[in-house]
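S.K.: just a sequence and a predicted model for now, questions to come.
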Amino acid sequence: MEEQVSQINQGDTAWIIVATALVGMMTIPALALFYGGLTRTKSILNTIMMNISAYFLVSVAWVMYGYTLSFNESFGGIIGIPSKLLMNTVDVKAVSGSIPEFTFSTFQLTFAAITVALISGAVVERMKFSAWVIFSILWLTFVYCPVAHWVWGGGFLMKMGALDFAGGTVVHINAGISAVVLSLFLGKRKEGGVLPSNIPLVVIGAGLLLIGWFGFNGGSALSSGGLAASAVLVTNTAASFAAITWMFIEKIHRGKPTTIGAASGLVAGLVGITPASGFVDVIGALFIGALSSAFSYIFVVVIKSKLPWDDALDVFGIHGVSGIVGSILTGVFANPSINEAGTGLLYGNPNQLWIQIISSLIVIAYSFVVTAIIALIIKATVGLRTEEESEIMGLNESEHGEKAFN
Amino acid sequence: MEEQVSQINQGDTAWIIVATALVGMMTIPALALFYGGLTRTKSILNTIMMNISAYFLVSVAWVMYGYTLSFNESFGGIIGIPSKLLMNTVDVKAVSGSIPEFTFSTFQLTFAAITVALISGAVVERMKFSAWVIFSILWLTFVYCPVAHWVWGGGFLMKMGALDFAGGTVVHINAGISAVVLSLFLGKRKEGGVLPSNIPLVVIGAGLLLIGWFGFNGGSALSSGGLAASAVLVTNTAASFAAITWMFIEKIHRGKPTTIGAASGLVAGLVGITPASGFVDVIGALFIGALSSAFSYIFVVVIKSKLPWDDALDVFGIHGVSGIVGSILTGVFANPSINEAGTGLLYGNPNQLWIQIISSLIVIAYSFVVTAIIALIIKATVGLRTEEESEIMGLNESEHGEKAFN
Amino acid sequence: MEEQVSQINQGDTAWIIVATALVGMMTIPALALFYGGLTRTKSILNTIMMNISAYFLVSVAWVMYGYTLSFNESFGGIIGIPSKLLMNTVDVKAVSGSIPEFTFSTFQLTFAAITVALISGAVVERMKFSAWVIFSILWLTFVYCPVAHWVWGGGFLMKMGALDFAGGTVVHINAGISAVVLSLFLGKRKEGGVLPSNIPLVVIGAGLLLIGWFGFNGGSALSSGGLAASAVLVTNTAASFAAITWMFIEKIHRGKPTTIGAASGLVAGLVGITPASGFVDVIGALFIGALSSAFSYIFVVVIKSKLPWDDALDVFGIHGVSGIVGSILTGVFANPSINEAGTGLLYGNPNQLWIQIISSLIVIAYSFVVTAIIALIIKATVGLRTEEESEIMGLNESEHGEKAFN
Amino acid sequence: MKKIEAIIKPFKLDEVKDALIAAGVTGMTVTEVRGFGRQRGHTELYRGAEYVVDFLPKIKVEVVVPDNMVEKVIKSIIDSAKTGKVGDGKIFIYPAERVIRIRTGEVDEDAI
Amino acid sequence: MKKIEAIIKPFKLDEVKDALIAAGVTGMTVTEVRGFGRQRGHTELYRGAEYVVDFLPKIKVEVVVPDNMVEKVIKSIIDSAKTGKVGDGKIFIYPAERVIRIRTGEVDEDAI
Amino acid sequence: MKKIEAIIKPFKLDEVKDALIAAGVTGMTVTEVRGFGRQRGHTELYRGAEYVVDFLPKIKVEVVVPDNMVEKVIKSIIDSAKTGKVGDGKIFIYPAERVIRIRTGEVDEDAI
Ligand SMILES: Nc1ncnc2c1ncn2[C@@H]1O[C@H](COP(=O)(O)OP(=O)(O)O)[C@@H](O)[C@H]1O
Ligand SMILES: Nc1ncnc2c1ncn2[C@@H]1O[C@H](COP(=O)(O)OP(=O)(O)O)[C@@H](O)[C@H]1O
Ligand SMILES: Nc1ncnc2c1ncn2[C@@H]1O[C@H](COP(=O)(O)OP(=O)(O)O)[C@@H](O)[C@H]1O
């Protein structure tokens, strides 16, 4: 985001401030409730605490150094230079596009926060809270900031022409892969599966995620107008069709459509459309919604139980899988009449598909390796996992000394 | 909404995109929680699923054909022509007033979705989920789309001069009448009344409905300025006074003001002010709030138990009754100094009152007949009602195979 | 806010309408849930009802007379003149700054509502509902309206140069002091302490408070641009760092960071940054967040148990203490490069610190005395406290005849 | 005196209560329990993972009666709780030695 | 040995517990139950519809004691649970044949 | 016939259930209870205020068996419920006079 001699537009600013609030709401309370409701009662508070602490930690680290590493002038396409530490030199009149730079940086902060929080879904019901706190900070610094810089901050993937409107690679693939790695290092829970303590809580979370995602994808236009409008519509379309798809497959495959299934499909569709949301039309959205949901269903219901890791709440199955599906299909369905910045295979540009695949692979590889190193270091020092007794009695008590309900 | 040679205003667009998010939130999660909290625990997930599935189904059907049937150029004042199937010809630069057509159509989508979802309140705790899915789609197509076209899309009621700022007829009377019809076809529950499983959930729902309704009524100005501002203020005024009214009547009539009563009065007031919100001043709002609440109270507490149908969560008692009260009082209190498009009885135009009554009656009659036909067809084919055993054991288990709490 | 020959800006208006919705959401449902979740199950509905009834009562009283007393032309710097009773003379075209006066007045309404609702936290689990209703109205009229006028409406504290961007004195000190007074008159509960019935509900409330506070502080810029952007960023920074601070102190002092602690720290930070949010930079925000949280922690955990009053949910401990800390620190950290209207001690203006202390003391004194008079009158007439039996059986039953869960 | 303990299906509670009152019982205590028996549990699916639920929700009704009412009470319970399907539940009879009413100190038959 | 079972008002639990400890009891088990008796239930109103709630929340306290402690325990319960109002509850005494401590295998008086 | 009542640690329920089935038991009833005993409770802190939690969550398993199964059942419970730590719980044995299956009217050993 090079400084431009440009002016603040109040309408654009209004939309992006609100979008920031909407994306903030996605972590706290939405994701905290979504994950919390899916957790066993005895560990629900720990799940909630992992989410909200990620938000708090990222918020502080972001203004200290995260923003400048991600979105400042590039050091060789790899990382932002640290000249804006503690928002140094950014002031009330600094402009980014047509909005205040403060708004741009706060909007981006909420993306960083939810990406870290997403990973927690894989490790619930057994991870030490202190280890999680350390992980959050290290992962933000060494995984999120570089990847955000590469794709959005002027780094090499941006220059290569990778299309990621709102975070297919930066947010979802990144979180999904790291979730796998961290659960491999942690090991499986004593009691597996998803045994949701409170499905209405899951629904509150999922509902607020959907609404918040209007800000996530629509706000990524960084202005208020036709492109934001289109992003919101295709987001809603893909998500709704994905929810219907999951319910439909469940009905055929298992006999009954479930509430957890509807919520899972909804989120899969939201993830899938994320990279594509500023590039595709409603027809593309219907395809992306259906395919994201179907692939995530197959992974979560059929493949997952055969795998050697325990990704408790399916961070990879939902965010990783649908993130990959969405990133690749962006290279297929990107319609230049929606956004001239993106032309996909169907509109005569097979090369875009190729770029999408390459950029996804690069993020997968980087995220895998660096997360593994972080996990290894924490395991070797403070340790990753709670005592067996704590796990059986629940992490509410062992990590926080509280009961969720009295 | 004829295409105009007009330009997008970013401020207006910002407001209507956000209003869309607010109205979306009214169905998912707000109405799902409001209705869910009022349902017995054993069927709460089914209630939630009826609401969220309505949202998903309408979202998809709307971009496919609902929008063009409702808001495209009129075929004889009856229905929109199908030239915008799958949003064909609508693109990122298409403008409706001062906002992108994509925003206008998404905003309208959220109204269609909540109207369908509202009906579910009447039929909870006993309707087959498959029947509900089919009903949602048929009702959207054959009841909602035509009525929306008549009143808002350039159809004959619009031409007749009916005033319905945000949905007294299209949304509330329409849903209220259909609720009666569908409950007549379904029959009464084994266990009647309202036995709320979770009143805090009702409060979350009611609170988010109030906030969402700022978008519902304020957004119906389709621009950001004095009219939207006025609509938000009168909405809050009428709703608050209606809640106070209900609590006060309860205190006198029954001895204690209840939480469910406050929430019921709040919603009655929101419904009552809906058609009037762009036309009346705060004094009109106080009258409309008090009268909506009082009439709904009398219907729900006194009259309802004597009626032969079982409208479980009072869709007619709240939305039908207050919708009728509000639509008619719009013809009384419409103040041309708020909006020159509407002049009511008190400002010298008795004719408007007459138009309001006629247009309400037309919607009542149409909605009654077509909903009856749809219900009849479903009853004769897949059937409307679950087994008696399912009803006793709860619909969470029989329809979705899930428990709400573990 | 004198009438100006100015024009409505749609972008500013969009932001302030949305900010109004966000602040509205802070009372209903957010604060109702936050306080409700901290209350014992047997009285949770009463806690909720105190909050939502405060919102309804203030909403109506505000349009009737509260707005004109607070924000109309000043009568001697003491109170607004009553020429805008029932919003008389305010119409759709009236402008306040660059937004409709209807928007300005509705935005301010939501501040008045939450301030009254905040007080309820001190008196839960034992106050007569009827006494609370009367208290709400009297307190709004005789405490809130004058103080709001003094600080924001053109009154003598505004003229004196007191800095209170979004309500350190008007909202938080005011509510905190009144909470002490009212709990003194009420007496202690039979069963003391905080025994949270439902911590996930506390988290929903706290999360929505954080998001709503973006509107509270950001909206107080009354326009959409750099200042609103800065206010949102420092709000998030201070709140997040305050939550981390509380968790950290708990970890050191008690061994484990708790969910209630994180939520308490979060709110303390939000309160602390409120008066400063339009004046300080992120460095100031970090200090204010940490110090607010630390002082509130010390008060709530160490000092409180030695005091002769029973402020059940720590309205003084959180809002009073952090409100005072924030108001004073505004006089230290106000950075003129953020907002030229405020220059603090660190930027060479020790006088500002002095003004901050004086204005806080004036509000403390006034609020203390007038609240005491109101409490005295109610105690002498309808009585403040429920029967002992009601308190033991719970106020859900005695005041509202309902059970929260069935 | 005897303690009669019946494990019944939850939705039968109202009928059993009414039958007991009709039989002259003036007090009873009920508890929510979970039962394992011939009536097999069921499986629930969450995100495709199966949870076998072995224990089904049941209601335990306890009523202490004088010896001469035992047969009548048993009959009332059987008549009102029976659906004829597996899982209808069981009645257990235990000896009770003394009963005391806390409020008055009355004992045995007077206290029931 | 005897099993002493007391049905009491929920808010009396703390007092009864303290009284039992004072009487020398070292273990007890409590259950949330619902009781029907002379203390009539109440009606609740939701949107104007009345629900008659027949069963009131009660606490069941179970304590198994050697024969020689029975009278003392009964007295403690009566003293601590009594409010003098209807619904104070009842005490039932049943014979107990054996007690075994799982951890050590100790039996009877040793195990209590 | 005897009624065997075991108070166990909640997370041991599955093991105890399996052991009972292996011992030939075909029905049982479980209740969530709270226990007070040698295993001390713990304190919780909310906003700095300490709450002493005296009662710990426990599970009560009730199973009525013919006399000849009593020893076997006791052994199964001890084997499966034992962790060796304080709070493992206790087994109580009471006389049972009659059992009736509601569905069929079968009595005693046939009804178990
Ligand atoms: N031996 C037993 N001891 C204690 N409870 C039992 C016993 N057998 C059955 N039950 C209880 O009775 C309930 C019903 O028994 P079940 O075998 O399912 O059906 P039926 O009563 O029709 O034979 C069980 O769920 C359990 O709670
Ligand atoms: N015959 C009985 N068998 C089992 N429980 C009983 C019996 N009689 C009373 N109870 C229990 O004792 C409680 C108190 O009895 P109630 O008649 O209401 O008051 P009181 O103990 O003052 O006579 C009841 O709620 C019920 O749980
Ligand atoms: N005398 C008793 N009467 C009833 N229940 C008892 C008695 N003693 C113990 N219990 C129950 O057994 C549980 C375990 O007892 P406890 O003394 O904590 O450990 P342990 O069984 O290892 O001695 C208690 O929580 C309580 O529920």
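M.R.: Good, I have the coordinates. Residues are numbered from 1 along each chain as shown, chains lettered A, B, ... in the order given. Ligands and ions are numbered 1, 2, ... in the order given.
S.K.: going forward, measure contacts and count neighbours with C-alpha atoms only.
M.R.: OK.
S.K.: residue of chain D nearest chain A, please.
M.R.: Per Cα to the nearest Cα, residue D:48 is where chain D lies closest to chain A, at 4.6 Å.
S.K.: list the residues that contact that residue.
M.R.: For residue D:48, the set of contacting residues under the criterion of Cα atoms under 8 Å, 6 or more residues apart in numbering or on different chains consists of A:300-302.
S.K.: closest one of these to residue B:387?
M.R.: Distance to residue B:387, by Cα to Cα, is smallest for residue A:301 among these, at 29.3 Å.
S.K.: for the residue lying closest to residue A:221 once chain neighbours are set aside, give its distance to residue C:125.
M.R.: Take residue A:221 and drop its neighbours on the chain: the residue closest to it by Cα to Cα, 6 or more residues apart in numbering or on different chains is residue A:228, 5.3 Å away. With the distance defined as Cα to Cα, to the nearest Å, residue A:228 ends up 47 Å from residue C:125.
S.K.: out of the contacts of residue D:48, which are buried?
M.R.: The neighbour-count test (16 or more other Cα atoms under 10 Å in any protein chain shown) marks residue A:300 as buried among those.
S.K.: output the lowest-mean-pLDDT helix or strand in chain A as PDB, nothing but the C-alphas.
M.R.: Lowest on mean pLDDT, DSSP states H and E among the helices and strands of chain A sits helix A:388-393, with a mean of 90. Extracted C-alpha coordinates of helix A:388-393, given in PDB (Å, rounded to 0.1, in the frame of the first residue of the first chain):
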ATOM      1  CA  GLU A 388      -3.700 -36.700  31.500                       C
ATOM      2  CA  GLU A 389      -5.700 -36.100  34.700                       C
ATOM      3  CA  SER A 390      -6.400 -32.500  33.600                       C
ATOM      4  CA  GLU A 391      -7.600 -33.700  30.300                       C
ATOM      5  CA  ILE A 392     -10.000 -36.100  31.900                       C
ATOM      6  CA  MET A 393     -11.300 -33.600  34.500                       C
END
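S.K.: now the residue in the stretch 151-300 of chain A that chain C sits nearest to: closest residue in space that isn't a chain neighbour?
M.R.: When distances are taken as Cα to the nearest Cα, the stretch 151-300 of chain A reaches nearest to chain C at residue A:201, 8.6 Å away. Once flanking residues are discounted, residue A:201 sits nearest to residue A:37: 5.0 Å by Cα to Cα, 6+ apart.
S.K.: circling back: among the contacts of residue D:48, which ones lie close to chain D?
M.R.: Applying Cα under 8 Å from any Cα of the partner chain, the subset of those adjacent to chain D comprises A:300-302.
S.K.: for these, which one is nearest residue E:66?
M.R.: residue A:301 (55.9 Å).
S.K.: gap between the closest residue to that closest one other than its chain neighbours and residue A:187?
M.R.: Residue nearest to residue A:301 in three dimensions, not counting chain neighbours: residue D:48, with 4.6 Å by Cα to Cα, 6+ apart. Residue D:48 is 21 Å from residue A:187, where distance means Cα to Cα.
S.K.: and the residue of chain D closest to chain A, backbone torsions?
M.R.: phi 90, psi -20 (degrees, to the nearest 10).
S.K.: is it true that the residue nearest to residue A:221 touches residue A:213?
M.R.: No: under the criterion of Cα atoms under 8 Å, residue A:228 lies out of contact with residue A:213, with a separation of 11.9 Å.
S.K.: show me the strands in the chain, by range?
M.R.: As the question left the chain open, I've gone with chain A. A:74-75, A:79-80, A:95-96, A:99-100 (DSSP state E).
S.K.: meant chain D actually
M.R.: The residue ranges that make up the strands of chain D, judged by DSSP E, are D:2-8, D:28-36, D:42-46, D:49-53, D:56-65, D:90-95, D:98-101.
S.K.: whether the fourth one contacts chain F - can you check?
M.R.: No: when contact is scored as Cα under 8 Å from any Cα, no part of strand D:49-53 falls within range of chain F; the minimum is 11.1 Å.
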